[in-house]
Every structure is written in C-alpha cells, then in structure tokens.
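**Student:** Please work out how this folds:
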Amino acid sequence: MLFGNTLGKTRKKAKQYVLMANKVRNYRRDVVDPKDLARLDEAQAQLEGVIKDPRANITDLENACARVDTALRPVGGDFYPVTFWADNTETFLVAALVVFSLLRCFVVQPFKIPTNSMYPTYSGVTTVVNEQAPSLPKKVFEFFRTFATNNDIISPADGEVLIPIDAREVLMSETASARDWLVLPGLRNVYTLYVDKTPVQVVLPIEHRADQLFLEAFFPELDKRDPSLAYRELAKAGKMQGRFLHTGKFVKKGERIFNFDIRTGDLLLVDRMRYHFTSPKIGDPVVFPTKKVPGLGETEDVYYIKRLVGLPGDELEVKGHTLYRNGQPIEGAPAFDLNAQQIGEYPGYKAEGRLAPGRKVTVPPNHYFVMGDNSPMSLDGRLWHGTSVFSNQNPLVGFVPEKEIIGRAVVILYPFSNRFGLAK
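**Tutor:** This next block holds a predicted model:
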C-alpha cells in the first residue's frame, strides 16, 4: 500500500495531496500549460470526492491520490515532487534564525562602535587626512581593509579658507537627511567652509564631528587629542577673528583644499555569557543599553561601550591627566596608564562635570561608574544629566545600574587595522 495499512493514515495523506495541489496551482498557474492545469483540477476534484465519501476504502483513496500524483509531476516545478532539501529548507532557516537569536541574546553579540569615546582602544567612525589624493588601486584596497571612502574637497573660488565658529568657539554644523546603502534613511553632519565668501560643504557621518579633521587638515602642528585646548591656542595666536577661524591657507578656484578618508567604526564581538557567572571587573570594556540609565535614558535609547572605572563604594577623582580610585592611580587596564602618561593618541583623563577639579564621586550600591578612554570626547558618567543639571535631586544620575551591564567586548572583528584581534 502507498501510505500504510490504516484508513485514517491514508485519508490524512490524501488531504496533504489536496493541499499540495492548491499550493502548486496558486504559485505556478501563470507558467503552467492550461491543459495540464485542467488535468490537475480534474484529479483534485475526484480526490476530494473520494475523501468525502464515507463508503470509500483504502484502495479508492490510493487510486485517487495516484491520479493527483500523475497530474502534479509535470507542473510541480520546485514544489513537487518534494525533495529532502525542498521539504526541509524552511525548517533549516527557521532553526538557524532561532539559534542565531539565542546566541545573540545570551552568548555573543556583534556590536558596532558608534562614536570615538573609546578611541584609540576602539574606534568609531574616523577621518584621515591624505597628503595627496590616493590612486584608484589604493582606494579599492582601503575600502576592503577599513571600509574607507575617499573625499576630495575642491575650492569653488580664490581666497583664504575660513571655518565658521559660534560664540562658544565651537564648529558650526547642520543636520541633513541622507540615504545609507542608497536605500535606508539616515542623517549626516554638514559643515560649511568658506573660501573668501563662497561656501563649500564637508559632509560627515552623523556620529562624527569635524574638529580633529579640520585641525589635522589646517593645523597639523597642534595636539589634536583635546580639540578644546587646540582652539584656545588658536585663539591666543589671533586665528579667531569674529565668527571665523582663519586657516592661513590660500587656494585658487579648482585647487584641492584637502583630501580625506572616512573609515568605518570597529565591529566588536560582545560576550554576553560572562556576567551571568561573574561580576564585571575594573578595566572591563562593558556594553550596556542606555534606556534605563538615570540621566541618560531619557534622551537616548542606544547601546554604549565604556571602560568600567568604579565599583560600588569606590571614590573617584581626576588629578592632572590621571584617574584616581580610592586615593591611588587606577589600575586594571593598559588604557589607564596610557592615558595618565598621554602616550600615543591617548589624551589623558579630563577633569570635568562630576569629576571637575577638586570634585569626587562615590559610587552608590548596585551601580557602576564608567568612562571613555578618549576622555575629552567622551559622554560618560561625568557628564550625564538628561534634561536636568548635575545637581539634580536624583543621586543615581551618572551611574550605570549593575543589571544593565549586558556584556564585555572580547574581539575586534573588523576592520583589519592594528586593533584587529582580542579586545583590550
């Protein structure tokens, strides 16, 4: 017998034939010969009649199913006859999605660095000024190595390059709509330079400010690790005149003002299992959602990565460029010493906000204090205040609840830079 020796099993299989006939008809009627489709309709109608007939026996059902099988084979395409892969692909895909979701939620999760608050340990979107425009092969190489896109800023007129600043000596920018991957809606930071009185735009990702880019392009001799200090030096040198920063660079119409690459942020793998069995340690690069962080979640709902610098009960203070924990220079991660000594691109810790000169913080129970390795450019526990001020009445503002820490960065997957490999 075709389906076994019970009437119930045979009737069940007969109904599956009816379902398959309906599926093939719905998906393939526009490509099937009308004569073949008519034969399928006739065979299906006969099978449905036998299924409804209370006097039908197993032989009647098997014969009717055989007629539908014969009618299905010429028109079934990828749907019939059913192969192992055709029958199980959907199951495999669903299983893979479930496994991936479980891995992402409970084991490991990819995480894209959004900003440069942890630079140079981890990098968000960065800009690199080129001495000259790169060749096409180099552009292709850098695209695959660091996902870099090249930008050439050409002068629209003759004159000095001027950078607009506001009354606080901060670069002026506007937000503009854009398309990510040519499809997805996105935003960009648009900076307008002037050559004499003619504007020229520099467009950057929304996560990236132009401070260090412009300082590198026009004032490469200055220390750019803390842009606010660089601007003070420029003001003392008389470069700030009115609402413009004078670069001292004069160009002709059609000349290159400067050329730069925009490089993607680091892609990290975050270990979400570790903190189910152990507590975070000083120096851990921790990831947490901002939604339930006092003073931060009311303005943002994203994920942050910061360096854990304070456990419950710890007292923290910044003196000079050094972060002190319980009266001693903090230990537990290479970035602590690198910042204290301002080695390489590490700018040193900046005393501001809750840790302004002479101020200390004590971490409350069941909370942590976190800071970015790029202290002058990091929005961290020193500065969180939501829609209120530092002295607001909530004593937990500026601290991350223990239960909000979801994982620790373990590997930098991309780009293939000197940071590639184990996370520090």
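
**Student:** partners of the helix or strand harbouring Gln109 in the sheet?
**Tutor:** Using DSSP states H and E, Gln109 sits within strand 108-112. Partner strands and pairing direction for strand 108-112 (DSSP bridges) are strand 267-271 (antiparallel).

**Student:** What residues of the strand it pairs with count as buried?
**Tutor:** Residues of strand 267-271 classed as buried: 268-271 (neighbour count, 16 or more other C-beta atoms under 10 Å). All C-beta spots, glycine's among them, are computed from the backbone N, C-alpha and C.

**Student:** what does stretch 403-412 give?
**Tutor:** For stretch 403-412, a neighbour-count test (16+ other C-beta under 10 Å) marks 404-409, 412 as buried.

**Student:** could I get the residues you listed as TSV with distance to Pro357 and secondary structure?
**Tutor:** Formatted as TSV, those follow (distance: C-beta to C-beta, whole Å; DSSP: H, G, I helix; E, B strand; the rest coil):
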residue	distance to Pro357	secondary structure
Glu404	29	helix
Ile405	29	coil
Ile406	34	coil
Gly407	34	strand
Arg408	32	strand
Ala409	31	strand
Ile412	34	strand
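
**Student:** what residues does the strand holding Gln109 touch?
**Tutor:** Strand 108-112 has contacts (C-beta atoms under 8 Å, 6 or more residues apart in numbering) with 104, 265-273, 287, 303, 305, 406-407, 409-410, 413.

**Student:** same question, stretch 145-158
**Tutor:** 128, 130, 133-134, 139, 142-143, 161, 193, 195-200, 202-203, 250-264, 414-417.

**Student:** which other helices and strands contact the longest strand along the chain?
**Tutor:** For the chain, the strand with the greatest residue count under DSSP state E is strand 184-195. Here strand 184-195 touches strand 159-164, strand 174-180, strand 198-205, going by 3 or more C-beta pairs under 8 Å, 6 or more residues apart in numbering; DSSP states H and E.

**Student:** Buried ones in the shortest one, by neighbour count?
**Tutor:** Right, strand 159-164. Buried residues in strand 159-164, defined by neighbour count with 16+ other C-beta under 10 Å: 159, 161-164.

**Student:** Please apply the same query to the longest one.
**Tutor:** For strand 198-205, burial by neighbour count (16+ other C-beta under 10 Å) applies to 200, 202, 204-205.

**Student:** how about the helices in the stretch 1-150 of the chain?
**Tutor:** Secondary structure of the stretch 1-150 of the chain by DSSP state H, counting those that start in this stretch: the helices cover 7-28, 34-52, 58-72, 84-106, 136-146.

**Student:** Can you say which of those is packed in most?
**Tutor:** Compared across the helices of the stretch 1-150 of the chain, helix 58-72 shows the largest average neighbour count, a mean of 19 (mean count of other C-beta atoms under 10 Å).

**Student:** residues in contact with it?
**Tutor:** 1-3, 5-7, 10-11, 13-14, 17-18, 20-21, 24, 36, 39-40, 42-44, 46-47, 49-51, 53, 80-81.

**Student:** chain center to that helix: distance?
**Tutor:** Here helix 58-72 shows a centroid-to-chain-centroid distance of 55 Å under the convention C-alpha atoms, centre = their mean, to the nearest Å.
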